[in-house]
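Trainee: coordinates only, sequence not included:
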């Protein structure tokens with residue numbers, strides 16, 4: 001892995017700003033609360049895991065992980081990455097070229113377009129996109145460039161362990177204003193299953209209601225309970241999203257006063273607690289807030305040097 005070797009890791013441990021900036025540019029971001037030693041250890045573990053993955057892929061021709069597998073011949077060509085790398089660089093200030101990426105049709109459902117796989121405990125990352133994108137840049141509502149950029153955004157954020165804002169960030173790569181606005185509605189797979197389950201349950205209950213009950217009973221129990229449950233789930237999911245999306249935009253607006261068009265890139269490097277603080281920050285308080293972090297947190301000194309926030 002070209003970005004990580006013993007010399008660079010030693011520079012990281014020493015807090016060398018040039019080394020830290022180069023790693024940030026490559027999408028190997030330092031996480032909130034992460035010491036220089038912990039950051040170097042994470043990078044070292046990531047490099048070792050990717051080396052092991054690449055060795056098995058070279059020697060065996062395929063690698064299995066998390067219930068699926070990828071094959072050597074399915075690796076995404078470098079040229080297919082270029083537009084996505086340019087997009088993440090423009091939006092967030094990084095360009096990832098180190099993570100293994102593959103085209104795959106392995107156990108993919110009809111609407112499954114791609115996924116990033118990464119772990120926090122034993123650091124590793126890989127991503128796949130649907131086989132259909134190998135020969136064409138568009139499939140249904142998705143584009144290959146947008147999808148790869150979306151997955152690279154998740155991977156670059158691996159050190160942040162976020163949940164409430166993760167999909168909001170990733171959907172900023174969307175070319176569709178509607179997907180950019182609403183794409184972060186479902187934060188996790190559990191949210192998707194919850195919403196789909198509620199919708200299917202409502203349809204089944206309504207079918208039973210219409211075809212097995214007399215018309216005068218259609219509005220009697222248990223249908224009011226079914227409708228109320230469905231409405232409660234919709235209100236919960238959408239209300240939670242609106243709450244965090246408003247905080248996201250509020251924090252971005254606060255940072256824009258200092259960082260201008262690079263506010264989104266700076267926000268991408270904030271913890272959830274920092275996003276909350278920025279969203280609630282009184283007018284005129286940003287300078288003191290930033291100065292305190294520049295003085296005590298090397299991650300924020302890195303942000304300052306990269307985005308000229310003084």
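Mentor: On my side now, so go ahead. Because the structure is a prediction, the values reported are computed rather than measured.
Trainee: In the chain, mark out all the strands, start to finish.
Mentor: Counting by DSSP state E, the chain has strands at residues 62-65, 68-71, 101-104, 114-119, 124-130, 138-139, 142-143.
Trainee: Mind putting those into a markdown table with mean neighbour count?
Mentor: Every C-beta, even on glycine, is put in place using the N, C-alpha and C of the backbone. Below are those laid out as a markdown table (neighbours: other CB atoms under 10 Å):
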| stretch | mean neighbour count |
| --- | --- |
| strand 62-65 | 14 |
| strand 68-71 | 16 |
| strand 101-104 | 24 |
| strand 114-119 | 18 |
| strand 124-130 | 23 |
| strand 138-139 | 14 |
| strand 142-143 | 21 |
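Trainee: By mean pLDDT, show me the worst of those strands.
Mentor: Here the lowest mean pLDDT among the strands of the chain goes to strand 138-139, at a mean of 74.
Trainee: In the protein, where is pLDDT below threshold?
Mentor: 106-111, 139, 189, 309-310 (pLDDT under 70).
Trainee: quick one, longest helix in it?
Mentor: helix 223-259 (DSSP state H).
Trainee: center of the protein - which residue?
Mentor: residue 154 (2.8 Å; CA atoms, centre = their mean).
Trainee: circling back: and the strands of the chain: which comes nearest residue 161?
Mentor: Between residue 161 and the strands of the chain, the shortest gap by CB to CB is with strand 114-119, which sits at 10.6 Å.
Trainee: elements contacting the closest one?
Mentor: strand 124-130, helix 144-156 (3 or more CB pairs under 8 Å, 6 or more residues apart in numbering; DSSP states H and E).
Trainee: Can I get those in a markdown table including distance to residue 30?
Mentor: Below are the helices and strands packed on strand 114-119 laid out as a markdown table (distance: least, CB to CB, whole Å):
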| stretch | distance to residue 30 |
| --- | --- |
| strand 124-130 | 16 |
| helix 144-156 | 11 |
